[in-house]
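Novice: Pasted the sequence and its predicted model underneath.
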2 protein chains.
Amino acid sequence: MLTNMSRSPRRKRPGHYHHGDLKQALIAEALKVIDEQGLAAVTTRALARRLGVSHAAPGHHFADREALLAEVATEGFRLFAAALEQAAWAESEPGERFVAIGRAYLRFAADHPSYFRVMFGRGFPKGYHPPDQFRRESNRAYAVLTGVVRDLALVLGGDATPIDELAFGAWSLVHGMAMLWIDGSATYAFAGRADFEATGERVVRRSIVGLGA
Amino acid sequence: MLTNMSRSPRRKRPGHYHHGDLKQALIAEALKVIDEQGLAAVTTRALARRLGVSHAAPGHHFADREALLAEVATEGFRLFAAALEQAAWAESEPGERFVAIGRAYLRFAADHPSYFRVMFGRGFPKGYHPPDQFRRESNRAYAVLTGVVRDLALVLGGDATPIDELAFGAWSLVHGMAMLWIDGSATYAFAGRADFEATGERVVRRSIVGLGA
DNA sequence: CCTCAATCTTGTCATCGTCAAGATTACGGG
DNA sequence: CCCGTAATCTTGACGATGACAAGATTGAGG
């Protein structure tokens, strides 16, 4: 057991050094805080408090607050890409696969709004260059989407519109729906999450005709 | 000379009270800071410093930092709604009007990224209820969009899809493109702003077929 | 057993948002 | 013209935050 703190009971608090997996714990706690109180409430000191460690402990695992959030976002993109890939693999017919990946996009946003907020809603400083891993995972997600759009466009055989342009359109459509849902700009327009997802799927389905035009 | 007869030369700095229009100056300066250093760098103290007033001066015009940003966002929505209305009025043919409003949406995002970031990119605390004026201006923008979509849908005479659903789709499409451009997720895919806007217009144009399906 | 690197704590500093109290100024009624 | 009041701004203070430095504790390997 990593959490064996039966030794040295003489000191103030026995097992307060070597938390075990503080780094992952901080990431997990950050997500909880975002969910409960919003992104602005994510504070290294608050996280430390909630985990029962000292206020400077997070500094040993993340260079600064930004680095912590970047790691959360990267983990989010990893899950996100995996979800999109799984949705794409589960369907073989191009049209249904396109709908499936759109559904997965919206479902992820609705399932993990906290992740989504850190992934996209975070305002980058100015000349901020995201870490390699961050770029890699987000590109993976985009690659799945592009591939699905390409396969569908080939089947539909539309004009000579570049695949990238069609993919950008499809991406924007689902991304816009997700963002409007996440930040509450469109919540009042739906009865609830189920209504949002159902409407989103119909919108995605209707957008298919544009790919074959 | 030493004998300044204009007014109380004994005091430290003569005209440091009554700035004139500090409230508007703070809003304008906030936009500059967002543009230069990002949203997180918007600090009441920094704004005060840049304007040459005391660190507590902003507190007399805005209840707190959030209120300041809310006012910036409200002003942004006012300009935004006006831009959309103007674009809609300038075109009478339903299809071109639809394209025009989409173009205006993207152009506003590209022209005023700072406004856009505050309007949408700001993470609301948790149970945050936006001020009335904020809701009013944002609803005005949405109303323009809905009206244009309705007119076009009537002309195209598609199925019985609710107008709100078509409007939501159109809104999501342009909103997604704008957000992806603003936060840099899609900048690498375009040669520049002109390329982005041209591509965006083509995407919007292609989406029209979905409204008549 | 003993050293050493990883991990965490304590202490400190500059900055931030916010509040309270006082100073300055504008403005309108006498 | 004068004066009082309200609006505006300054100064000062407090708690909280991010970040750093130095020291304490712990685990792992030689």
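Specialist: Okay, I see it. Numbers count the residues shown, from 1 in each chain, chains lettered A, B, ... in the order given.
Novice: how near is the closest residue to A:L180 other than its chain neighbours to B:V99?
Specialist: Excluding its sequence neighbours, the residue lying closest to A:L180 (Cβ to Cβ, 6 or more residues apart in numbering or on different chains) is A:A186, at 3.9 Å. For the C-beta atoms, the positions are set from N, CA and C on the backbone; glycine is no exception. Taking Cβ to Cβ, to the nearest Å as the measure, A:A186 falls 23 Å from B:V99.
Novice: Let me know the distance separating the single nearest residue of chain A relative to DNA strand D from A:L47.
Specialist: When scored by Cβ to the nearest atom of the strand, chain A has A:D64 as its residue closest to DNA strand D, at 2.8 Å. With distances taken as Cβ to Cβ, A:D64 is found 13 Å from A:L47.
Novice: and the two? which has more neighbours close in?
Specialist: A:L47 (24 against 11; other Cβ atoms under 10 Å in any protein chain shown).
Novice: does any part of the helix or strand hosting that one sit near DNA strand D?
Specialist: Using DSSP states H and E, A:L47 sits in helix A:44-51. Yes - contact of helix A:44-51 with DNA strand D (Cβ under 7 Å from any atom of the strand) involves A:44-46.
Novice: Quantify the burial of A:P162 by counting its neighbouring residues.
Specialist: Close neighbours of A:P162, defined as other Cβ under 10 Å, add up to 11.
Novice: any idea of the pLDDT on it?
Specialist: A:P162 carries a pLDDT score of 93 in this model.
Novice: circling back: neighbour count and pLDDT added to the residues of helix A:44-51 next to DNA strand D, as TSV?
Specialist: Formatted as TSV, the residues of helix A:44-51 next to DNA strand D follow (neighbours: other Cβ atoms under 10 Å in any protein chain shown; pLDDT from 0 to 100):
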residue	neighbour count	pLDDT
A:T44	18	98
A:R45	12	98
A:A46	15	98
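Novice: what would those look like in TSV with distance to DNA strand C?
Specialist: TSV is the format used below for the residues of helix A:44-51 next to DNA strand D (distance: Cβ to the nearest atom of the strand, whole Å):
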residue	distance to DNA strand C
A:T44	11
A:R45	9
A:A46	14
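Novice: which stretches of chain A form helices?
Specialist: A:22-37, A:44-51, A:65-89, A:94-111, A:113-116, A:132-156, A:163-182, A:193-211 (DSSP state H).
Novice: any idea how chain A splits into domains?
Specialist: A:18-62, A:69-211 (automatic domain parsing).
Novice: most tightly surrounded among those domains?
Specialist: Counting by mean count of other Cβ atoms under 10 Å in any protein chain shown, domain A:69-211 has the highest mean neighbour count of the domains of chain A, with a mean of 19.
Novice: Endpoint to endpoint, it covers what distance?
Specialist: Chord length of domain A:69-211, first to last residue, is 36 Å (Cα to Cα, to the nearest Å).
Novice: Tell me who's in contact with A:A109.
Specialist: Residues near A:A109 by Cβ atoms under 8 Å, 6 or more residues apart in numbering or on different chains: A:116, A:178-179, A:181-182.
Novice: Can you give me every residue that contacts the closest residue in space to A:V72 that isn't next to it in sequence?
Specialist: Using Cβ to Cβ, 6+ apart and skipping the chain neighbours, the partner closest in space to A:V72 is A:V118 (4.8 Å). Contact analysis of A:V118 by Cβ under 8 Å, 6+ apart lists A:30, A:34, A:39, A:69, A:72-73, A:76.
Novice: sorry, back to before: and the helix holding A:L47 with helix A:22-37, angle?
Specialist: Using axes from the mean of the first three to the mean of the last three Cα atoms, to 10 degrees, one finds that helix A:44-51 and helix A:22-37 are set 100 degrees apart in direction.
Novice: Remind me what helix A:44-51 packs against, helices and strands.
Specialist: Applying 3 or more Cβ pairs under 8 Å, 6 or more residues apart in numbering or on different chains; DSSP states H and E, one finds that helix A:44-51 contacts helix A:22-37.
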